[in-house]
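**Q** here's a sequence, model it:
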Amino acid sequence: MLALPLATLVVASGALSGCGGQPPAALRGTPQAVVRAAADRTMALGGAHVEVSVASDLAGAGTVDLAHGSGQLTLARAGAGAHLGDHFDVRVSGATEWLNVTGPGGGAPGTSPARPWLAGSPLAVTQDSYTRVKPLESLLVRPGLATDLAFLRGAERVAPYGGEEVRGVNTYHYTFVVDLPTAIAASPAAERPELEAAAAAIGPIQWPADVWLDAQGRVRRLQVAEDPKARTTTTKGNLFITEDGNIINQTTLLFSDFGTPAVFSAPDAALVVSLPGTPT
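**A** Below is the predicted model of the structure:
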């Protein structure tokens, strides 16, 4: 199982300047327009490799179909919780999630060795397995592995932070908050059910986030507060700081290898425990 470090970020002043000192075309315009446009620019690329970390407690990787929100991830406990030996397989297709938990602490609630997969809507899976998977629930509650990119369509209070390097790629860093109703209204009708499910699970909040865009306006790194209800007024370096000065734990997604075919297969139905109301 992978225990992946976060991207090393190095200030790269002027690295994204184009001809005559101008930024690349994809990064021109108001910061809000640039960040909102990054959603479609990135999702249109199809498959990608994604690395995920949740706070300092979980890390893993997988592939995702950015255009359709399907994909699968394999994660494990990391850091101080690595000794627990828990592993998590997550598969997503639209508004349906499958979760398989292995480790000394047993599987997801209601599952068994004969039927190790738990399936349901993101909110149902999260609520049912909250204690066993914490802090993975902050990622599970958002349906579709491309949903986080669609959140960019609702970017508000966008501010440029500066040029930085992410895994050897020059990027530009923006801070913003996610307004889910705006993201839903700006998304194609086919994508709205997933975003509406996220809004129902998360609630009507302004969710602090950061994004790093490459010269083509594509998302290379996306970082959101693990607790969407966390209140923050400043971003210092790469750390969210609450109004009372505490550091906010974050979920980080790193995208690479755009165009890579996404790997996805639903578990055999005989191995699945379906929660009530599981989408079909």
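
**Q** which helix or which strand is home to the residue lying closest to residue 157 once chain neighbours are set aside?
**A** Closest residue to residue 157 apart from its sequence neighbours, by C-beta to C-beta, 6 or more residues apart in numbering: residue 177 at 5.2 Å. Every C-beta, even on glycine, is put in place using the N, C-alpha and C of the backbone. Assigned by DSSP states H and E, residue 177 belongs to strand 169-179.

**Q** for the next helix or strand after that strand, which positions count as buried?
**A** As assigned by DSSP H and E, the chain's next helix or strand after strand 169-179 is helix 180-185. With burial defined by 16 or more other C-beta atoms under 10 Å, the residues of helix 180-185 counted as buried are 180, 183, 184.

**Q** quickly note the distance from the second one to residue 208.
**A** Read that as residue 183. As for residue 183, its distance to residue 208 is 15 Å (criterion: C-beta to C-beta, to the nearest Å).

**Q** and residue 62, by the same measure?
**A** In this structure, residue 62 and residue 208 are 25 Å apart, going by C-beta to C-beta.

**Q** have a look at those two and say which one is more surrounded.
**A** Shown here are residue 62 and residue 208; by other C-beta atoms under 10 Å, residue 208 has more neighbours (26 against 23).

**Q** what mean pLDDT does the strand or helix carrying that one get?
**A** Assigned by DSSP H and E, residue 208 belongs to strand 206-213. Averaged over strand 206-213, pLDDT sits at 86.

**Q** again, but for stretch 265-276
**A** 93.

**Q** do the same with stretch 32-42
**A** 94.

**Q** now stretch 191-200
**A** Computed over stretch 191-200, the mean pLDDT rounds to 73.

**Q** buried ones in stretch 54-64?
**A** Using 16+ other C-beta under 10 Å as the test for burial, stretch 54-64 gives 54, 55, 57, 58, 59, 60, 61, 62, 63, 64.

**Q** mind putting those into TSV with pLDDT?
**A** Formatted as TSV, those follow (pLDDT from 0 to 100):
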residue	pLDDT
54	82
55	75
57	83
58	86
59	90
60	92
61	92
62	90
63	90
64	88
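
**Q** those residues in strands, which ones?
**A** 54, 58, 59, 60, 61, 62, 63, 64 (DSSP state E).
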